[in-house]
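Novice: Fold the stuff below for me.
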Amino acid sequence: MKGKYFNYFYLFWVFIYAGSATVFARSLGDISTLGNAFAICLTIYAIFLNKIKFSTKFVYSLVVFCIYALATTLNNQIINLLWWSQWLIRMMIAYVIIRTFKEKLFYAFEKTLVFFCYCSLFFWMFYLIAPNVLLNFASSIHFSEPYGADNSNVAYNLLVYTIGAHNVLNQGFGVVRNAGFAWEPGAFASIIIIGIFCNILRKGFSLKNNRTLILFLITLFSTQSTTGIGILLACSVFWAFVNDRKGWAITLLVVAIFLFMFLPFMQEKILGEYAIINEQVRNVENVYNHAAYGRMSSFVLSWQEFLRHPILGLGGYAGGTYLMQRGIDNVALISGIGHLLSMYGIIMSFLFFKLLYKSGAYISNVYATKNGYMIIIIMLGVMISYNLWMNPLFMCFWLFNCYSQHLLPLKSNK
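Specialist: Residues are numbered from 1 along each chain as shown. Predicted structure coming up:
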């Protein structure tokens, strides 16, 4: 396989792991699994194929993590080797992806996502027209077992497309939601938003002669994702302000308010979560069946956890949380920001935000635009709902400055 084709093949699989729809994809970092072994083999081959050398900054990043991991291990008096391996492997993959594609990373991300969007729209429309046919087909050749068994959001996964479980399929506003290759529509929308960002860097948020952006927008709205559409609106307003389009900024704010008021899957979801925050937090110890709390309740509970150990956090000691110590292991908290604060404390949270800001500044410098700072809005927006910041595909963007500085030409790459 020629170098260019293999590199895109490698990136394709990094996308699949980011989708996390199956047991195979979610096994990344677990050295005892086939899914992880496959990722390691691809990574090693990419290193030799592209003659990748390990920079001083990459070594420093490993040292910093190991020092932090050792400190939390000693503080908690428990070692979690799976947590160690997961982080080291994720960092390695992110580094190899950045070094493989260099300044072309954003274009490569965009091009790969185009393929997934076409696949998702094809299967999504197929399901709308003939659901039973697709279900029967998927049940006979699905790629891997869905993650989480009976509690999964996934019914079947066809590698490039996920058919949601019944409870997920019925969440849409009269129309089944498009989950793409991810475990749920919101996660797919989060990845699409990154693709839109990559396109904006090259095209400047223009629909004219920009079929890729049109494809991304159509696919994004097919997910009916509050997270995705909310981030898109925030990015649109940011783009208008930094590019001196004040009239557009005001118009987009009005559009954002209109969509919030008239799109049920946005208004009802946000107001519904807000209305039950106090009740969920107060009654968390009385939950008997498995429950995934909303982003707002999740953040409140994670913030309370953060206040119990604000400096170092718990690191890899998930069993050290207040809920787990009380025997409450059936409540899933989804807030990415909350997870960062509660599990990694002030020190590592500060380092994350610093790396994210520096990457935004560096991307802006590379593309001679202010739009690079948009990655900060996107990453924090995604982290309101998901822990995707810990996935190698997303790590490529907040570690971009750290792993590629002095390697890219500081000029526009349009």
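Novice: show me what contacts Phe352?
Specialist: By Cβ atoms under 8 Å, 6 or more residues apart in numbering, the contact list for Phe352 reads Leu340, Tyr344, Trp389, Trp398. In short, each C-beta sits where N, CA and C put it, glycine included.
Novice: Return the residues in contact with the last one.
Specialist: The reference is to Trp398. Contacts were defined as Cβ under 8 Å, 6+ apart; by that measure Trp398 touches Phe352, Leu355, Leu356, Ser359, Ile375, Met379, Trp389.
Novice: what's the spacing between it and Asn50?
Specialist: Using Cβ to Cβ, to the nearest Å, Trp398 is found at 22 Å from Asn50.
Novice: And the furthest pair within the contacts of Phe352?
Specialist: Across those, the longest distance by Cβ to Cβ is 13.5 Å; it joins Tyr344 and Trp398.
Novice: what's the distance between the residue sitting furthest away from the middle of the chain and Cys235?
Specialist: Distance to the chain centre peaks in the chain at Gly247, reaching 31.7 Å (criterion: Cα atoms, centre = their mean). Distance of Gly247 to Cys235, computed by Cβ to Cβ: 17 Å.
Novice: What mean pLDDT does stretch 73-89 get?
Specialist: For stretch 73-89, mean pLDDT is 93.
Novice: let's have the chain start at 211 instead
Specialist: Okay, using 211 as the starting number, the last item reads as stretch 283-299.
Novice: what about that stretch, start to end distance?
Specialist: Counting by Cα to Cα, to the nearest Å, you get 19 Å between the two ends of stretch 283-299.
Novice: In it, which residues are buried?
Specialist: Thr283, Asn285, Asn286, Ile289, Asn290, Trp293, Trp294, Ser295, Gln296, Trp297, Ile299 (16 or more other Cβ atoms under 10 Å).
Novice: How about stretch 324-342?
Specialist: Neighbour-count burial for stretch 324-342, counted by 16+ other Cβ under 10 Å, picks out Val324, Phe326, Cys327, Cys329, Ser330, Leu331, Phe333, Trp334, Tyr337.
Novice: CA atoms only for stretch 521-538, dumped as CSV, please.
Specialist: This file holds the C-alpha atoms of stretch 521-538, laid out as CSV (Å, rounded to 0.1, in the frame of the first residue of the first chain):
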residue,chain,number,x,y,z
ILE,A,521,-5.3,20.1,43.1
LEU,A,522,-4.5,16.7,41.6
GLY,A,523,-7.9,15.2,41.1
LEU,A,524,-8.2,11.4,41.2
GLY,A,525,-6.2,10.6,38.0
GLY,A,526,-6.9,7.0,37.1
TYR,A,527,-8.7,6.2,40.4
ALA,A,528,-12.3,6.3,39.1
GLY,A,529,-13.3,4.2,42.1
GLY,A,530,-12.3,7.0,44.4
THR,A,531,-15.2,9.3,43.5
TYR,A,532,-17.8,10.1,46.2
LEU,A,533,-20.5,8.2,44.3
MET,A,534,-18.3,5.1,43.8
GLN,A,535,-17.3,5.2,47.5
ARG,A,536,-20.9,5.2,48.4
GLY,A,537,-21.5,2.2,46.1
ILE,A,538,-23.3,4.2,43.5
